[in-house]
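Participant: curious how this folds, go ahead:
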Amino acid sequence: MEGFNGTVFAYGQTSSGKTFTMTGASIDDMEFRGIIPRMVSTCFETIEETDSTVEFSVKVGYCEIYLEKIKDLLNPAKNNL
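Facilitator: Residues are numbered from 1 along each chain as shown. Predicted structure coming up:
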């Protein structure tokens, strides 16, 4: 795995399936996982399979924009960013 940056952006009306697409119905069942759990699993599986002399840095951000306010979903104390 070579260095890269990526963004997954879900946009749509309320109840259109954004959260379901991103997180899925079940994190424990691979068939029902969403984009985020699948991507995280793939990244860490690749890291585990790589030579132990290779160093990785993984950074993740997860935010919501609602009513023109940005909320950090990994640290809910940070809101209205």
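
Participant: tell me how far the residue nearest the centre of the chain lies from Val60.
Facilitator: The centroid of the chain falls nearest to Ile36 when counting by CA atoms, centre = their mean (3.8 Å). The gap separating Ile36 from Val60 is 9 Å, by CB to CB, to the nearest Å. For the C-beta atoms, the positions are set from N, CA and C on the backbone; glycine is no exception.

Participant: what sits in contact with each of those two?
Facilitator: Common contacts of Ile36 and Val60 (CB atoms under 8 Å, 6 or more residues apart in numbering): none found.

Participant: ok so, going back, just say helix, strand or coil for the residue nearest to the centre of the chain.
Facilitator: helix (DSSP: H, G, I helix; E, B strand; the rest coil).

Participant: you'd agree it is up against Gly6?
Facilitator: No: assessed by CB atoms under 8 Å, Ile36 is found out of contact with Gly6, at 11.6 Å.

Participant: show me where the protein has strands.
Facilitator: With DSSP state E, the ranges of strands along the chain come out as 63-66, 69-72.

Participant: what about Gly24, neighbour count?
Facilitator: 19 (other CB atoms under 10 Å).

Participant: before we move on, the earlier item: look up how far Val40 lies from the closest residue to the residue nearest to the centre of the chain other than its chain neighbours.
Facilitator: Of all residues beyond its chain neighbours, the one nearest Ile36 is Met22 (5.3 Å), with distances taken as CB to CB, 6 or more residues apart in numbering. Distance of Met22 to Val40, given as CB to CB: 12 Å.
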